[in-house]
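1. Please find the sequence and the predicted model below.
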2 protein chains.
Amino acid sequence: MTSHVPHPVRTARTPRAPRAPRSDACDNRARILDAARAVFGEQGLGAPMREVARHAEVGPATLYRHFPTKQALLAETFAEQRRACHGAVRDALADEDPWDGFRSLIERICELHAHSRGFADAFMTAFPEAMDFAADRERTLLAVRELARRAQETGRLRPGFVVDDLILMLMAHRGLQDAPRAARVQASRRFAAYVIEAFGATEGEAEARTPLPPAPRLRLSQPPSSP
Amino acid sequence: MTSHVPHPVRTARTPRAPRAPRSDACDNRARILDAARAVFGEQGLGAPMREVARHAEVGPATLYRHFPTKQALLAETFAEQRRACHGAVRDALADEDPWDGFRSLIERICELHAHSRGFADAFMTAFPEAMDFAADRERTLLAVRELARRAQETGRLRPGFVVDDLILMLMAHRGLQDAPRAARVQASRRFAAYVIEAFGATEGEAEARTPLPPAPRLRLSQPPSSP
DNA sequence: AACGTAACGGACGCTCCCGTCCGTTTGGCT
DNA sequence: AGCCAAACGGACGGGAGCGTCCGTTACGTT
């Protein structure tokens, strides 16, 4: 059953009467999203919904009215940073030097993930298929693949590199989120620098390096759950 | 009140009568530890105690009698792998080529962590000070520092390296534990290979590389908790 | 100013997990 | 064989988190 239908019938054929939301509702919605960014960014996805509610100075029911489930809230919360990620890829592709673009892509994504603990989780774990992350993730990965191809052509990106290596490093980067808050950003930056060096080709000898072990197929990971 | 004192007084001065444990008790204890290794290794530290109990075919009470708390069980469960970690450091120090030792150390630690999801968590998060991880961790880190110093003297380990970089990479490696089980070991190996390359010095120019951003001080991280 | 309803929030039910209690079983010693 | 305590395990209490119900508040429209 769909609750109790607040408005009787809405005058014959009115497709939907959005009836602009009330001012306090808008206000609360905005404050909830701010709080969610702060709380999930600080404590990770495990933070309780009530923590967000308290931080936004609303009751739990209000929170759940605006966002029917936790995942719905998370999706909205990180939409902006998701766009920033796409933007980073777009900028990297636009860079006239593909290797510079590649490097700055790694730096920017790491920075984005480092600034919000929850975003790294949400971005990587890609849980149940909620949040349409998965969808545009594939699209984005295709763009990254193109970028990598170009960077390899310049000889600056090592030949053995595959896109799964980027995912590998982003998953690994997620592990840094458990570092004490003070060290997080610094750790992220140093990690990014090391990663870039590892991905770079050695100047002189393009092939003489010890070969890497085979790359795993990563793409989507599922959250810990069992029958 | 200490329950109801099963044995009246134990004949004057008997310091302790260990009275060898019963056979079924030994048996259960062993099965519990096996189950714990399997369950925590597969599902991580978050796995419920009852899951371990079910897997060991004992009741929850039996489990808690043998190991009064979850952390106690975890400490015992991973004691062996902890020893293996120390062994890896010892072997690395014993290697006549410090750089080879350093490389194999990274490979072995990564392998150890990759084979047991729970161990990586237990090893890195180092929660509340339970499990005496913290104690010998410091001792081990000192040994690693010595190893690194020697490896740097040979010119194979880059000059900018500090021990915190190893911790950084181990924390990062922990992020790989969320990969699908099938890909985990492969991912770990490839990651280790990349890390080794990143830590290596470039043959010709020992100094001309772009400098790394400053290293964060990591050492101990605390689990997510706030006042 | 007065009214109808969107919006609010405290209190509740539900599930999951840790750790404990107590009546029952069983190993091992005589 | 018989005894007794060591060991077992089902059932319980307590706490935390997600999502919902319903009486109350206050926005905005007339």
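-> Cool, the structure landed.

2. Which segments of chain A make up each domain?
-> Domains of chain A are assigned by automatic domain parsing as A:23-74, A:79-199.

3. Could you pull up the residues touching residue A:50?
-> By C-beta atoms under 8 Å, 6 or more residues apart in numbering or on different chains, the contact set of residue A:50 is residue A:60. C-beta coordinates here come from the backbone N, C-alpha and C atoms, glycine included.

4. for residue A:150, that is, sorry about that
-> With C-beta under 8 Å, 6+ apart, residue A:150 has these contacts: residue A:98.

5. Give me the buried stretch members for the helix or strand hosting it, please.
-> Using DSSP states H and E, residue A:150 sits within helix A:133-153. Buried residues in helix A:133-153, counted by 16 or more other C-beta atoms under 10 Å in any protein chain shown: A:133, A:137, A:140-141, A:143-144, A:147-148, A:150-152.

6. repeat for stretch A:182-201
-> Burial within stretch A:182-201, assessed by neighbour count using 16+ other C-beta under 10 Å, is assigned to A:183-201.

7. That stretch and chain B, any residue contact?
-> Yes - under the criterion of C-beta under 8 Å from any C-beta of the partner chain, chain B is reached by stretch A:182-201 at A:183-184, A:186-187, A:189-191, A:193-195, A:197-199.

8. and residue A:21, what pLDDT?
-> On pLDDT, residue A:21 comes in at 83.

9. Distance from the helix or strand of chain A with the lowest mean pLDDT to the middle of the chain?
-> Between all helices and strands in chain A, the lowest mean by mean pLDDT, DSSP states H and E belongs to helix A:117-125, at a mean of 83. Offset of helix A:117-125 from its chain centre (C-alpha atoms, centre = their mean, to the nearest Å): 5 Å.

10. quick one: the helix holding residue A:150 to helix A:117-125, angle?
-> Counting by axes from the mean of the first three to the mean of the last three C-alpha atoms, to 10 degrees, helix A:133-153 lies at 80 degrees to helix A:117-125.

11. Next secondary structure element downstream of helix A:133-153?
-> helix A:163-174.

12. Which parts of chain A are strands?
-> Using DSSP state E, chain A contains no strands.

13. Relative to residue B:180, how far out is the residue in it that chain B sits nearest to?
-> Nearest to chain B in chain A, going by C-beta to the nearest C-beta, is residue A:175, at a distance of 3.0 Å. Relative to residue B:180, residue A:175 is positioned 16 Å away (C-beta to C-beta, to the nearest Å).

14. what does residue A:96 give?
-> 38 Å.

15. Give me the more crowded residue out of the two.
-> Looking at residue A:96 and residue B:180 with other C-beta atoms under 10 Å in any protein chain shown, you find the greater number of neighbours at residue B:180, namely 14 against 6.

16. DNA strand C: which of the buried residues of helix A:133-153 is nearest?
-> Nearest to DNA strand C among the buried residues of helix A:133-153 is residue A:133, at 24.9 Å by C-beta to the nearest atom of the strand.

17. Would you mind naming what in chain A lies close to DNA strand C?
-> With C-beta under 7 Å from any atom of the strand as the criterion, chain A meets DNA strand C at residues A:6-7, A:19, A:21-22, A:24-25, A:27-28, A:57-62, A:65-66.

18. Now with 6 Å, please.
-> Contacts of chain A with DNA strand C, taken as C-beta under 6 Å from any atom of the strand, map to A:6-7, A:21-22, A:24-25, A:28, A:58-62, A:65.

19. which ones are touching the residue most central in space within chain A?
-> Nearest to the geometric centre of chain A sits residue A:123, at 3.3 Å (C-alpha atoms, centre = their mean). The contact partners of residue A:123, by C-beta under 8 Å, 6+ apart, come to A:78, A:82, A:85, A:113, A:133, A:170.

20. May I see these organised as TSV, with distance to residue B:47 added?
-> Output for these, formatted as TSV (distance: C-beta to C-beta, whole Å):
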residue	distance to residue B:47
A:78	28
A:82	31
A:85	32
A:113	27
A:133	26
A:170	26
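
21. From those, list just the buried residues.
-> Buried, going by 16+ other C-beta under 10 Å: A:78, A:82, A:85, A:113, A:133, A:170, out of the contacts of residue A:123.

22. How about the fourth one, nearest residue that isn't a chain neighbour?
-> Pointing back at residue A:113 there. Closest residue to residue A:113 apart from its sequence neighbours, by C-beta to C-beta, 6 or more residues apart in numbering or on different chains: residue A:120 at 4.0 Å.

23. need the helices for chain A, in chain order.
-> A:23-43, A:49-56, A:60-66, A:70-77, A:79-94, A:98-115, A:117-125, A:133-153, A:163-174, A:181-199 (DSSP state H).

24. Buried ones in the second one, by neighbour count?
-> By that I understand helix A:49-56. For helix A:49-56, burial by neighbour count (16+ other C-beta under 10 Å) applies to A:49, A:51-53, A:55-56.

25. what is the orientation angle of that helix with helix A:70-77?
-> With the same axes, to 10 degrees applied, the angle from helix A:49-56 to helix A:70-77 works out at 40 degrees.

26. Could you list the low-pLDDT ranges of chain A?
-> Chain A contains residues with pLDDT under 70 at A:1-18, A:125-135, A:204-208, A:219-227.

27. Return the residues of it in contact with DNA strand D.
-> For chain A, the contact set with DNA strand D under C-beta under 6 Å from any atom of the strand comprises A:22-24, A:48-50, A:60-61, A:64, A:68-70.

28. rerun at 10 Å
-> With C-beta under 10 Å from any atom of the strand as the criterion, chain A meets DNA strand D at residues A:1, A:3-4, A:19-27, A:43, A:45-53, A:59-65, A:67-74, A:130.
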